[in-house]
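# Got a predicted structure here, sequence first:
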Amino acid sequence: MTSVGRLPWPGLWLMLALLMVGAVYLLAGLGPRADVVLPLRATRLAGMVVLGVAIAVATVLFQTVSRNRILTPQIMGVDALYILLQTGLVLVLGPVGFATLPVAGKFTLELVVMVLAALALFGTLLGRGSQDVARMILTGVILGILLRSLANLIARLMDPNAFAVVQAESVVSLTRLDAGLLPFAAAVTGLAAGLAVWLAPRLDVAALGRETAVALGLRHDGLVMLALALVAVLVAVATALVGPLTFLGLIVVALARPLAGSARHLPLLITASVLAVLMLVAGQLVFERVLRLQSALPAVLEGAGGVAFLWLLLKGRIR
C-alpha cells in the first residue's frame with residue numbers, strides 16, 4: 001500500500017479535495033437570493049454524490065465479475081432500455097400526458113423495469129454458472145442494439161413535438177435532479193454500496209479467477225449473481241436519475257486503480273467513488289460558474305470516456 005504524506009492511500013487526498021470543492025460549489029457567489037439558490041445547489045450536489053457512488057461501485061463490481069477492465073455495465077443495454085421506456089411513454093401518453101406524470105411514479109417505474117430486465121438477463125444466461133459471463137455480456141450488447149433500434153423506429157413515427165420530448169429525456173442532464181427522489185435514491189445506493197463494501201474481501205478472492213476462488217472455498221457463482229444484482233440496482237438508479245451515462249465509470253475506475261495503491265477492492269471502491277463525485281462536482285462547478293454551459297459536462301465526460309476506452313483497448317489493459 002502506498003502512502004502520500006503519511007496518509008495510507010491517496011484516496012484521502014481526494015476526500016479532502018472533494019470537501020473543498022463541494023464547499024466552493026455550495027457557498028461561492030450565493031448573492032442576495034441565498035435562501036433560494038442554496039437549496040438548489042444542495043440538491044444538485046447530493047444528486048452528484050449519489051450518481052458518482054452508484055456509477056463507480058457498479059463499474060468496479062462489473063469489471064471484477066467480467067474480469068475485464070475495459071467494460072462498463074451500461075453495455076448490457078440498460079441505457080437503450082431507458083430510452084425505449086421514454087419513447088414508449090411519450091408515444092402512449094403524448095407530450096402533455098408524459099409531462100404530467102408524477103415524478104416519483106415515473107422514477108419508480110423506470111427503476112423497477114430496468115432492474116427486473118437486468119435480473120432476468122443475468123438469471124437466464126447464468127443459470128449454468130458464472131462461466132457464462134461472456135455469453136451474457138454479448139447477449140446484453142445485442143439486446144442493447146435491438147432496443148435502441150426499436151426506440152429509433154418508434155421515434156420516427158412520432159410528430160415533431162413528441163420527438164422533441166423524447167430527445168430531451170434521452171440526453172443526460174445534471175440539472176433535472178428532483179429533490180423528492182433523492183432520499184429514496186440515496187437510500188438504495190447507500191444500501192447497495194454498503195453491501196459491495198461488505199463483499200470486498202470475497203471480491204478479492206473472486207478476482208483470482210473462478211477455479212482458484214472455488215478451490216479456496218468461495219461460493220463463486222452465488223457471489224457473481226449477488227454482485228450482478230447490485231450492479232443492476234445501481235445502474236438503474238443512476239440512469240433513472242439523470243439519464244444514460246456510458247463511460248464515466250470507465251474513466252474513474254481506470255484512474256482509481258493506480259491511486260488506490262492496492263489491488264484490494266475496499267480501497268478501490270472508496271477511491272473510485274470519491275473520484276467520481278469529485279469529477280462531477282468540479283466539472284459542474286467549472287461549467288456552471290466559469291463557462292456558463294450547464295448541460296455540456298455529461299457530453300465532455302462521455303467524450304473523454306470514449307478516448308479512455310480506446311486507450312485502454314490499444315494498451316491491452318483488459319485484465
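Thanks, I have the structure now.
# Off-centre distance for stretch 189-196?
In terms of CA atoms, centre = their mean, to the nearest Å, the centre of stretch 189-196 is found 13 Å from the chain centre.
# For it, the averaged confidence score.
Averaged over stretch 189-196, pLDDT sits at 94.
# List the buried residues for that stretch?
Within stretch 189-196, the residues scored as buried using 16 or more other CB atoms under 10 Å are 189, 192, 193, 195, 196. (C-beta placed from N, C-alpha, C; glycine too.)
# count of neighbours near residue 148?
Residues near residue 148, counting by other CB atoms under 10 Å, number 16.
# Next one: it from residue 272, what distance?
27 Å (CB to CB, to the nearest Å).
# same check, this time on residue 213
22 Å.
# got the buried residues for the helix or strand encompassing residue 57?
Using DSSP states H and E, residue 57 sits in helix 34-66. Going by neighbour count (16+ other CB under 10 Å), the buried part of helix 34-66 is 41, 43-66.
# So which elements touch that helix?
With contacts defined as 3 or more CB pairs under 8 Å, 6 or more residues apart in numbering; DSSP states H and E, the packing partners of helix 34-66 are helix 11-27, helix 133-156, helix 182-198, helix 200-206, helix 220-242, helix 248-260, helix 265-285.
# coming back round to it: may I see the buried residues of stretch 189-196 arranged in CSV, with distance to residue 119 as well?
Listed next are these as CSV, based on distance: CB to CB, whole Å:
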residue, distance to residue 119
189, 17
192, 13
193, 18
195, 15
196, 17
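# out of these, who's nearest residue 142?
Distance to residue 142, by CB to CB, is smallest for residue 192 among these, at 26.6 Å.
# What separation is there between that closest one and residue 53?
Separation of residue 192 from residue 53 (CB to CB): 9 Å.
# ok, back up a step: now the weakest link among the helices and strands packed on helix 34-66, please, by mean pLDDT.
Across the helices and strands packed on helix 34-66, helix 133-156 has the smallest mean pLDDT, namely a mean of 81.
# List the buried residues in the helix or strand that that one is followed by.
Later in the chain than helix 133-156, the nearest helix or strand by DSSP H and E is helix 160-170. Under the neighbour-count criterion of 16+ other CB under 10 Å, helix 160-170 has 162, 163, 165, 166, 169, 170 buried.
# Sort out which one of those residues lies nearest residue 245 for me.
Checking these against residue 245 by CB to CB gives residue 170 as the nearest, at 12.2 Å.
# pLDDT wise, what is the closest one at?
Note on residue 170: pLDDT of 75.
# That one: what's its closest spatial neighbour, skipping adjacent residues?
residue 83 (4.9 Å; CB to CB, 6 or more residues apart in numbering).
# Now do the one you found against residue 96, distance only.
Here the distance between residue 83 and residue 96 works out to 21 Å (CB to CB).
# same question, residue 168
Distance of residue 168 to residue 96, given as CB to CB: 14 Å.
# now swap in residue 223 and tell me
47 Å.
# I figured residue 21 was touching residue 285, is that so?
Yes. Using CB atoms under 8 Å, residue 21 is in contact with residue 285, at 6.5 Å.
# between residue 223 and residue 96, who's got more neighbours?
Neighbour comparison, residue 223 and residue 96: the larger count goes to residue 223, with 19 against 10 (by other CB under 10 Å).
# No further queries at this time; thank you.
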